[in-house]
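**Q** Show me how the following folds:
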Amino acid sequence: MSNGARHALGVVAGLLLPPVALAGLLYGIGEISFQTRSAFQFPWYAAGVLAAAAVVLALLAGSRLSPVASLLGGLAYTALGLTPLLEFSGGPRLVPQGMLPARVHEGYLALGYSGALLFAGVLLLTVSLFPSRWRAAVPEPLSVSPAYGQGTSPYLPEDATRPMYRE
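**A** Presented below is the predicted three-dimensional model:
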């Protein structure tokens, strides 16, 4: 896969996967907190949603696809994680009210005020900073056959630690 195609797929993945993972995180945390508080039972389906969201975040953080995916997700998560903390420190009211369903909003407040969204955002940003993720995969070098009549080529080093051929 060419480097341009890899980054184009990374942009698509960065625009699609972080909102899906965020919805899973917010719904899972909101549902768990609501069910354990009101019905005194643990909703295993919400734990499954959290596990699926964790798998999506792991794919964003560790895939060889492109660091653009984790960069876009990290920027979004960092911004969403900073808004409750800025409001909590005495700033203006930044957390949206009435825009999300009740359990999803409860999950956002739980993850936002605890700093977990900020943590996930900084983690995704940090993962996208490694230079090795921005480089394309290095193809294997072509092997050069030795010249006619010679057993080995003097230009192919036997020892990789020696900088040049010596007789």
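**Q** residue boundaries of the helices in the protein?
**A** Along the chain, counting by DSSP state H, helices occupy 3-38, 44-62, 67-88, 102-114, 116-127, 131-134.
**Q** Serialize the ones you listed to a markdown table and add fields for distance to Pro96.
**A** In this view, the C-beta of every residue, glycine as well, is placed from N, C-alpha and C. Putting these into a markdown table (distance: least, C-beta to C-beta, whole Å) gives the following:
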| stretch | distance to Pro96 |
| --- | --- |
| helix 3-38 | 13 |
| helix 44-62 | 21 |
| helix 67-88 | 9 |
| helix 102-114 | 8 |
| helix 116-127 | 14 |
| helix 131-134 | 33 |
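**Q** now those helices in TSV, with mean pLDDT, mean neighbour count and distance to Val95?
**A** Formatted as TSV, the helices of the chain follow (pLDDT from 0 to 100; neighbours: other C-beta atoms under 10 Å; distance: least, C-beta to C-beta, whole Å):
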stretch	mean pLDDT	mean neighbour count	distance to Val95
helix 3-38	90	18	13
helix 44-62	93	16	21
helix 67-88	88	20	6
helix 102-114	88	19	7
helix 116-127	93	19	12
helix 131-134	72	12	33
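**Q** quick one, what contacts the closest residue in space to Leu80 that isn't next to it in sequence?
**A** Leaving aside its sequence neighbours, Leu80 sits nearest to Leu117 (C-beta to C-beta, 6 or more residues apart in numbering; 5.3 Å). Neighbouring residues of Leu117 by C-beta atoms under 8 Å, 6 or more residues apart in numbering: Tyr77, Leu80, Gly81, Tyr108, Leu111.
**Q** Make JSON lines from these and add distance to Gly98 to it.
**A** Shown next, in JSON lines, are those (distance: C-beta to C-beta, whole Å):
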{"residue": "Tyr77", "distance to Gly98": "22"}
{"residue": "Leu80", "distance to Gly98": "17"}
{"residue": "Gly81", "distance to Gly98": "21"}
{"residue": "Tyr108", "distance to Gly98": "12"}
{"residue": "Leu111", "distance to Gly98": "18"}
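**Q** From these, pick the one nearest Ala61.
**A** For the contacts of Leu117, the minimum distance to Ala61 (C-beta to C-beta) is 11.3 Å, reached by Tyr77.
**Q** quick one: contacts for that closest one?
**A** Tyr77 makes contact with Pro18, Leu22, Leu117, Leu118, Ala120, Gly121, Leu124, according to C-beta under 8 Å, 6+ apart.
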